[in-house]
Each structure stands twice: as C-alpha cells, then as structure tokens.
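1. Please work out how this folds:
(chains A and B, ligands or ions: 1)
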Amino acid sequence: MEKELKVIGKSHRKLDGKERVSGKAVYGHDIELPNMLHGSILRTAHPCAEIISIDTSKAEALEGVECVITADDDVYDVNNISYKRDHPILKKGTVNCNRDEIAAVAARTKEIADKALQLIEVEYNVKKGIYDPVEALKNEAPQINEFGKGKEQFGNKNMAESFHYEHGNLEEQKAKSKVIVKRTYELPRVTHACMATSNITAEFSPFDGRLTLWSSTQVPFLYQRDIAHALKMEPSKIRIIQPIIGGGFGSKLDMHPFEPICVLLAKKSGKPVQILFSREEEFVLSPTRQPMVIDLTTGCDENGKFTFREVEIIKDNGAYTSWGATTPFVMMQSYSSLYQVPACKFDSHAVYTNNPFAGSFRGYGNPQATFSIETNIDLMAEELGMDQSEIRLINANYKGEVTGQGLHFKTCGAIPALEKVIDESDFEKANAEPKGDRYKKGIGLGSMLHVGGGAKIYRSDGCGTVLKLDDYGYLTIITGSNEIGQGSETVLAMIAMEELGIAEEKIKVINTDTDVKPWDVGVHASRTSFVAGNSLLGAIKLMKEKLNKKAVALLDVVTDDWEYADGKMTFNEFEIKIDKVAREMHFGTPHELCTVNYFYEPPSKFQDKDFKGDVSGNYAFASQAIEVEVDTVTGNVEVLNVHVSQDVGRVLNPIGLQGQMEGGLATGIGYALTEEMIYENGELKNPSFHGYKLLTATDMPPVHFYPIETYDEAGPYGSKGAGEAPLIPTAAAIANAVSNALGVTFYSLPITAEKVLRALKEQKEKNKEVLV
Amino acid sequence: MDFEVINTTTSDELLKAIAANQNSNFRIGAGFTDLINQLKKQNTEELTIINIAQLKDEAYTQIVEEADGLRIGTLATASDIVDNNFIRENYPVLHQAASKLACTQIRNVATLGGNICNVSPSGDMTASLIALKATCHIVDCNGGERAELLSDFIIGLKKTTLKKNEIIKNITIPMNDHHNIISGYEKVGSRKSMEIAIVSLGYHIQMNNDGTITDAGVSCGAVAPTIPFATSACDFLLGKDIQDLTEADKEEFANKVMEYASPISDVRASEWYRKEVLFNLSQTIFS
Ligand SMILES: Cc1cc2nc3c(=O)[nH]c(=O)nc-3n(C[C@H](O)[C@H](O)[C@H](O)COP(=O)(O)OP(=O)(O)OC[C@H]3O[C@@H](n4cnc5c(N)ncnc54)[C@H](O)[C@@H]3O)c2cc1C
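-> Next up is the predicted model:
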C-alpha cells in the first residue's frame, strides 16, 4: 500500500518553468547555425490535379537562392513515407490534397525563399477531386492514392485501413435488450494549434555522411528510423536533437514531408537549412484529429444493464495514411470495455479522399468514441426512465474485471470517480432543476477509459535510463524519454530526490539528444511518467546497490538498510555523505564510477490478431460532470463548472497534474463547442486564430479536480498515465449538459451557437405544430 | 518588413511630417495592432510610417470633460477608456465596447483613432461611438480644422472622408441630457476575449424623469459594409414611455433595426445566424 513519501505527492514547479516564462527557453526557431539557409516549400494550388510541368528556372536565377529541388532532382533518392508508405515526399504527376509539396527552395533569407516560390511555374490539369469518403467508396470513383493497397487488402481501392473486432454473442444480447438506441454521430476536423509552429534545422556532413537534425518531434527514436528510411540512410548516422518544444499533443508523432525535404535542401546546398512554418502553414499542414461518421447501436435490458454495442465507423483518411489510421486501436477499447459490455461488434474503415490527411491527436480516437457512447447512454436512460447517474453506476467497470477484449483492470477507480463527480456537482438536483428563461442551465455526465501504463503497439514500449552520480554528489539522469511540455522530466527529478535524497539543484535531466540517450519509444499514450519513471526507479535500484556496498565497506557495518536523505546515507548511528561514497568509489580501489544503466519494458502484451489482450500496464478511468448555461438569444454555450475525477493511481506532482487537467479540458471544451477546421472542396477556409476558435484563458471555467488514488502496483509509486484522459469525456459531458438544458440532443460537434439557435428554432416550430 | 519610420512627439512635428510626405506613400501608426497585420500582406519597401504613438500633445492623448460633452484624444487606448470613471458612469456603451475589445495586452495599445480609421464593420469602439452620435475633429497639415459626425465620416467599407493631408485629433461625445439611461454594448462571438464581433449592437437611450424617451442611438456592427446608425429604430422609440413598451413594440423596434442589416455568410457565421441574433438581441435590450 501507500508508502510515506517526502517529495512525491507534493507540488513541484516545472524544472524549466522559469526559462519558459522569461523567454530564455531555446526553441527550434531560435537556432542559428553558421551559413544557415532558409527553406520554403511550394505547395499545390489545387487539392486534386495532374501536374503537367514544373519550371523552376526563374526561381533558380533569383539572387540569393542557393538551390531549388523537385521530385526530378538527382538528390531526390528517397522512399515513400507515412505509416502505410503511401506518401511521396515531393509530388510529381499528381497532387492529391491541399498540402502537397511540389518543390522547395533554400535561400539566404526567408524573404528570398518565399519570393522564389512565387517564381516557380506549375502547370496543372485541375480535377474535381473527392471530398466525401462515401463517394470515394463507390465503384466509379477513381483510385485516389496510387500506392494504396485497398483493393488487395480490403476489397476497395480507396480503403486505406480497416479494423474488425468482436466479442460476445451479439444476437443473444440483442434479444435480451429492452431498449435499443441507434444514432449517427459526426465528428469534425480539429487541429492541435501548438503555440510553437513546426520547425526543423538540418545539417548534413558530406565528409562522414552524418546528419544532425534539430527537430520538434515527440518520438525521436522512431523519427530517426523514419528519416533513415525516407532518405535511405543508416539510422545511427542521424542525430536528433530536440530543442524546447512548444506543444506536441500528437501532431509530432508522424514524420512529415517538410522534414526530409529540409534534409534534401541541406544535402544539395551543402549548408545547414532551416524551415519554420508560419501560423497559416501550421493550420494547413499539421495533421488533424480524424473526422468521422459513427453509427452506433447500443442496448440495455429492463434493469438498465448494458447488453451490446454495435458500431460502424467511416473515417476520412485524407490523401495519405498517417499514424492516425490506427486510432481504432484505442476506439475499440472504449467500445468494447468502457462500462461492462457483454457483446460488441466494431468495424472501422478509413477511406482515402482528396482532403488533408488526419494524424494523431491527444486522446487518439477516444474523444470521438466516448462522445457517441455517452450520448447513447443518456438516450437509453431516458427511454428506460432511469437516472443518468444510476445507469452509469450499475454498468461501471470494476476492480478485477477482465473485459471482453481481455483488458485486465487490476485496479479500477471507475465507480469512485463517478460517485465523486455525481456527489460534488449535486448531479441529481442540478439535472432535475428548472432550466431558466433566457439563460438555460444544464448538467451532463461523461466517463472514459484509457491506457494508463503505456500501450504496446510497437515492438518495444520501453525506456532506458543512464544514471551518473559525480564526485560532487550531483546526479545526472540521462533518460530516453523526452519532454514536450507535459512536465515528466520534473517528475523524474522528483523521483530521484525521493529515492536518493539528493536536492533538486543537484539533479540534471538530459533528454534531448539521441546520440547520448538510450532508447525510448516516445511521448504518446500518456506513457512517459509511467514508463520513464519505472525505468528510473530500476536504475536507482542498481545505483543504490553500488552505493550500499561501498558504504558498508567504508563504514565497516553490515546492512542493506540505508536511508537516503539530505545528501546522506544513514543506518542507525552510521552516516556518510553520498558524494563521499561516490568519490571513494572513484578514487579508492577498485576504482569505479558511480554510473548505472537500466532498461524497463512494461509487462503489457501485444494484442492478438483479433485485437484481444492486456495491452497496457494499467488503465486510467475518469468521470466528468459539467455544468453549462445556454444563452437562447445568441446560442452560445458557456461552461460554468467542470467536476473531474480521475483514477491516476497515485498523484506524483499535484500542480503538474492540475496543469494536465486544465490543458486537456481547454482542448476538450473547444472540441465540444467551438473548434472546427472548415474545409470546402479540399481547401481550408479558416487557417488563422481569427477564424479557428481555439479558446483562451478567459473562456476557462473553474475546474474542480478530485484525483482518485488506487495505487496500482505496475506504476511508479502506484501511478497511472494521466495526460490524455482529461479531454476524452469532455465533449460527451458537455453535449449531455446542453441536451439537459434545452431538451435537444446534438449528434455532431462542435455544438456551435449557430447549431444551437437553429435547433431552438426547429424546436419552437415543432411546438407550434403540436399546438395547432 | 522593411520600412522607414518617422517618430513624432509634437503636433508640429506631426503636421510637418504629413506635409513632407504628401507625394510619397505613408501610413499613420498609433498602436499598430491593425497596421502591422496589414503590412504583412503588402510590399513595404516604398513605405514610410509616421509614428504618433509617442505624441505628447494633450489634444491627441487626453480624455477631458467639457461643458457640452466629453473629448477623447485619438491616442486614448481602449484601456484608458475602460479605466475612465466618467465614461463608465455616463456612457456604458463605450465602456463596454472598449472592455470587450481583444484582450488586455491589445487594449493597452489599441487606440480609439486607430479603431475608427481602420473602418472595420466590427470595430467595437467605433460602433459604440456611432450610437453615441460622436463627432470627429480632424486637422490637416496646414493646421486647418474641421469636424464631422462619425457616421458621416465613414462612407463605405474601408472608406472615410479623411484626406491624405488630414489626421484625426480627437472625438467628442455630446453630454447626456438625463441621467436616466439605458446604455450597453452587446458583442456576439464564441470566445470571451480575442474575438472580433460576429454581430454587435450598441445602444444609448436617454429618458426624462417620467420615463419618456428623449434621445436614442442604436448602431449595429458586423452586419453591413459600414456600421449603420439605425435611425428609424431610434425614431420609433422617441417620445415613448419606456415602462409602457409592449412585446409588440419591442418586436417592431427589432424589425426596424433589421432594416439596417445586410450581413454576409463567412466562415465565422452565416447570414442567417447574424440576422437571427441581431433580431433576438434587439428585443432584449429593454428587459
Ligand atoms: C489580436 C487582435 C485582436 C483584435 N480584437 C479587436 C476587437 O475585439 N475589436 C476591435 O474593434 N478591434 C480589434 N482589433 C483591431 C485593433 O486592435 C483595433 O482596431 C485598434 O483600435 C486599432 O488601433 P491601433 O492604435 O492599433 O491602430 P493602428 O494599427 O496604429 O492603425 C489603424 C489604422 O488607423 C490609422 N490611424 C490611426 N490613428 C489615426 C489618426 N489619428 N488619424 C488618421 N488615421 C489614423 C492607421 O493609419 C491605420 O490605417 C484586434 C486586433 C488584433 C491584432
């Protein structure tokens, strides 16, 4: 059970907080190398077209331009990129979406590079394009991606990826159902809106063939492999350095064309090259959350016990296939295992279109799934005449449960989390209360399930740690994991402080250089504190064995029971400073340094070919009760209060955790109410914060956070991953709250003011008809 | 961006700078919050900026109560307006408009004159000043002065009567006849800050002690190429007793406001929504 801790569980400011807020932090944009050139990329003028010709001669002639490349260049000896290897880095012959890269320029200044782009002449044969996945699936549709293997793999040329999952006896469960609800949900394209725009700086040495990249990737070792594959290089010749990263949220899980393009420019020009996105490019080019249409049928028996879920999803894959196509891995967890589900059938098809390709985004398909599940639950409760809270409580996940998919909940805070938010928000009362006149109040519930101990989707989900205690008692933690703002390096420092009794100012975390650090799969799946934390604990154990042994020899006492605190090791009346032990190791015989090296691989398993198995080291559960007020004059929905309770296993750094809650909720609320990339015929109509309604600090409601501690033995100190969860049930809870306020259910996001006013108008007209 | 900047600290320097640049391409810069965005989209090589942000002349910078009204220097920032108690008490419509503009950082530099001269249909301070029947006081580079009602000064989308040799010095707002007012600025958008109005409604209605409406100003933002002063809606109210307004009166008032609305659909809202909201809002201001 819980051990008495000194550092863990107490709020600790971020290690790099001061640098960040004072403007001293060095982002990729701040990097400047001698003789560095600036790159710009020419993108297609039409989302769907044949390229007849490209003439770069005028651009090449422009003063200050050092090189121009196209897919016909000698330097362009490359492989296709992306998860399905269906994405050419530079396009020739055809262009398939608005992002398509045709040529690139490196010049002495960014202005010259941009000017040069305007001088490149491209002749197109413009085609209509297909922007609706349903159209793309029709027989008469042309094949959108020439590298797609849909025909062979899934029987349709425009199918990019397809998943089927099932458990239980669907027909039997349908027969048992008293209530069956079938609805169609539509989810929009939204974007990460990282405050730092995408960036890369590449330096290639023609002498030893080594490449150094200053990159904002969130998965440096997978990225190293991807770059190597794209450019036909040996991965180990590529060194990835991560400057401070101003937001990832999943957008930097894939390698994108601009990155190998930057390398090609560096190779051709023989000089370092930097590419920085403008805000508009960031909107147009970074991958989006998957837009999709979800058909969900769910049932429950006369007591409200869930019987089955049957779901069919069509996802707009866009023109190429990124990691985002694998979001069904997460979605099927929620459909099969969020609440107790005796039978489940799940089909998901990602379909090529001439839209931009979607990618991965915090929550990874789960916000979409959860929105549909939780809305259907409210509708079933209504039909049964049951409380929305009760139906959830009687179906909630429980400790010891092994779900139909094989997820094993060794600890489970689902019921405590639900009870907590129901209680704290006075849910029953608020739900039943009169709604008001112009401003109508409502409250809604949503719960979620997500991996909490990494997710085994790559051959290794592990993380390496090297520890070095120097002669002066300073500890260097070289961790494979990386920091993209989530605060995990602070947690690592806290763990070292806790275990070794070393003060914060004597701890350094080194995590930005693949030439130095050991392997780790990257920042995703809410895994870093869990996996890197366990890895560090393993390394600390090894270091303590060394230190213990030396202390025993130095003090002439026999024990393994040393206490580490205040820079000292103590056992009864015996005491020695930790730096002295390290020095004695170094300078005394047999002369060794106090360094250790450890690799941690979580106990999770690969799922089998039917997608069954215990894929994560542990699982996180959360519920939210959200109060809203709808202005019936403007249609605006204001979120008044968020009650969120989450099973985090154990709180490691309260202030960091609160930050994750608030940041996640901001994204979740935007997803629910305001954010949407408006695409018309493959073109983005709102590529700026003026038209894209990312919420601001002033829109944030009070966040009442109640952590649930279940002390899961798989996690460091019993903790679970927490990063993605806070945004997952938010849209669901808000949609349910709006429905509670107005008596109208919304099946698509975002629930904009305009949608609300239209619904109110329809409602009014219907009521009139009834009266007539 | 590469342009020349002339910094002016006195009105004399300013007028001289304007006179000296009559044959070249120049722009006035005050808070630069609109200007910089515009310059990003154009070639600035041949451009001169006459910077008035450091001007020390009180006629351009101060907010002063005068016998017949209030005078606000063109360089008064949105924050200066928000912080001014006289404005808060007497002209809530202006106070609210300034406080709903952008965010604190922008409000600290965004000037009143810049808001007017940017001539956007969604300019918040401008919309409130139109409802307040404000007058612009304009000087030319020879020292000549003229005054023009703000609603006449703006003649079309991005168009004013301002000549190349002129600059706005300050604006005046007539004194309220009565303390009995209904005044406010409704701004519709999906964010609480950093939002350009999708629709806005400014209103400043004065009543005598009996409740009879003696003066009314109503303007609507972001629903037409300019910010219209809804004359017929205002006329409809004059002489009516505020307590006696019926639901039908309110609806008729709203219908009259709608006569001035010819909104477009864009990515931020549809024509339908803008009309619906303006109609809804117009009915609510009396409740
Ligand atoms: C992020 C952001 C958010 C914004 N939000 C809002 C908002 O919510 N509501 C809103 O109304 N506006 C908003 N704006 C627009 C802008 O901030 C305002 O219009 C502001 O009042 C402009 O004032 P300024 O001093 O910055 O003008 P500047 O940019 O300096 O000038 C604007 C124009 O006015 C001219 N000009 C300035 N002073 C004079 C003068 N005395 N005589 C003649 N011409 C002059 C300039 O030449 C220029 O053409 C926003 C802008 C930004 C960047």
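
2. how many neighbours does residue 210 have?
-> No chain in the question, so chain A it is. By the criterion of other C-beta atoms under 10 Å in any protein chain shown, A:Arg210 has 16 neighbours. Bear in mind the C-beta positions are built from the backbone N, C-alpha and C, glycine included.

3. looking at chain B here, not the other one
-> 10.

4. That one contacts B:Gln243, doesn't it?
-> No. With contact defined as C-beta atoms under 8 Å, B:Asp210 does not count as touching B:Gln243 (9.2 Å).

5. Can you name the residues that contact the residue of the stretch 1-150 of chain A found nearest the ligand?
-> Residue nearest to the ligand within the stretch 1-150 of chain A: A:Gly23 (19.6 Å; C-beta to the nearest ligand atom). Contacts here follow C-beta atoms under 8 Å, 6 or more residues apart in numbering or on different chains; on that basis A:Gly23 touches nothing.

6. Secondary structure of B:Glu186: a helix, I assume?
-> No. Counting by DSSP: H, G, I helix; E, B strand; the rest coil, B:Glu186 is not part of a helix but strand.

7. Output the contacting helices and strands for the helix or strand of chain B with the lowest mean pLDDT.
-> Here the helix or strand of chain B ranked lowest by mean pLDDT, DSSP states H and E is helix B:35-40, holding a mean of 92. Other helices and strands packing on helix B:35-40, by 3 or more C-beta pairs under 8 Å, 6 or more residues apart in numbering or on different chains; DSSP states H and E, are strand B:25-29.

8. how about the strand it packs on: buried residues?
-> By neighbour count on 16 or more other C-beta atoms under 10 Å in any protein chain shown, the buried set for strand B:25-29 is B:Phe26, B:Arg27, B:Ile28, B:Gly29.

9. in the stretch 601-750 of chain A, which spans are strands?
-> A:619-631, A:637-647, A:679-680, A:683-684, A:703-708 (DSSP state E, counting those that start in this stretch).

10. By residue count, what's the longest helix in the chain?
-> You didn't pick a chain, so chain A it is. The helix that spans the most residues within chain A, counting by DSSP state H, is helix A:528-555.

11. wrong chain, I was asking about chain B
-> helix B:271-284.

12. In terms of secondary structure, what does that one contact?
-> Other helices and strands packing on helix B:271-284, by 3+ C-beta pairs under 8 Å, 6+ apart, are helix A:753-771, strand B:180-188, strand B:199-207, helix B:247-258.

13. Need the winner for burial among the ones you listed.
-> Most buried of these, by mean neighbour count (mean count of other C-beta atoms under 10 Å in any protein chain shown): strand B:199-207, with a mean of 26.

14. And the next helix or strand past that strand?
-> strand B:213-221 (DSSP states H and E).

15. Quick one: check that following strand for contact with chain A.
-> No. Contact of strand B:213-221 with chain A is not found when judged by C-beta under 8 Å from any C-beta of the partner chain; the minimum separation is 14.2 Å.

16. contacting residues for the residue most central in space within chain B?
-> Nearest to the geometric centre of chain B sits B:Thr126, at 0.8 Å (C-alpha atoms, centre = their mean). Applying C-beta under 8 Å, 6+ apart to B:Thr126 gives the contacts B:Asn115, B:Ile116, B:Val119, B:Ser120, B:Leu150, B:Ile154, B:Gly221, B:Ile227.

17. For A:Glu713, see how far away it is.
-> Using C-beta to C-beta, to the nearest Å, we find B:Thr126 at a distance of 64 Å from A:Glu713.

18. In the stretch 201-350 of chain A, which residue sits closest to chain B?
-> Of all residues in the stretch 201-350 of chain A, the one sitting closest to chain B is A:Ser278 (9.7 Å; C-beta to the nearest C-beta).

19. Now for that residue, how many residues are close by?
-> When neighbours are defined as other C-beta under 10 Å, A:Ser278 has 15 of them.

20. What of A:Val26?
-> The criterion is other C-beta under 10 Å. On that basis, A:Val26 has 11 neighbouring residues.

21. Next: A:Thr70.
-> Burial of A:Thr70 is recorded as 20 neighbouring residues (other C-beta under 10 Å).

22. Tell me if I'm right that it and A:Thr56 touch.
-> Yes. Taking contacts as C-beta under 8 Å, A:Thr70 lies within contact range of A:Thr56: 6.4 Å.

23. Need the residues touching each of these two.
-> Counting by C-beta under 8 Å, 6+ apart, the shared contacts of A:Thr70 and A:Thr56 are A:Ala103.

24. gap between whichever residue of the stretch 451-600 of chain A sits closest to chain B and the ligand?
-> Nearest residue of the stretch 451-600 of chain A to chain B, counting by C-beta to the nearest C-beta: A:Gly485, 21.3 Å away. Distance from A:Gly485 to the ligand, counting by C-beta to the nearest ligand atom, to the nearest Å: 23 Å.

25. excluding its backbone neighbours, what's nearest residue 188?
-> You didn't say which chain, so I picked chain A. A:Glu676 (4.4 Å; C-beta to C-beta, 6 or more residues apart in numbering or on different chains).

26. that's the other chain; I wanted chain B
-> Using C-beta to C-beta, 6+ apart, the nearest residue to B:Val188 is B:Val199, at 4.5 Å.

27. ok, that neighbour - contacts?
-> Per C-beta under 8 Å, 6+ apart, neighbours of B:Val199: B:Val188, B:Cys220, B:Gly221, B:Ala222, B:Val223, B:Pro263, B:Ala269, B:Arg274, B:Val277, B:Leu278, B:Leu281.

28. Please repeat the previous calculation with a cut-off of 6 Å.
-> By C-beta atoms under 6 Å, 6 or more residues apart in numbering or on different chains, the contact set of B:Val199 is B:Val188, B:Ala222, B:Val223, B:Arg274, B:Val277, B:Leu278.

29. where does it sit relative to B:Arg191, distance-wise?
-> Distance from B:Val199 to B:Arg191, by C-beta to C-beta: 14 Å.

30. now swap in A:Tyr711 and tell me
-> 41 Å.
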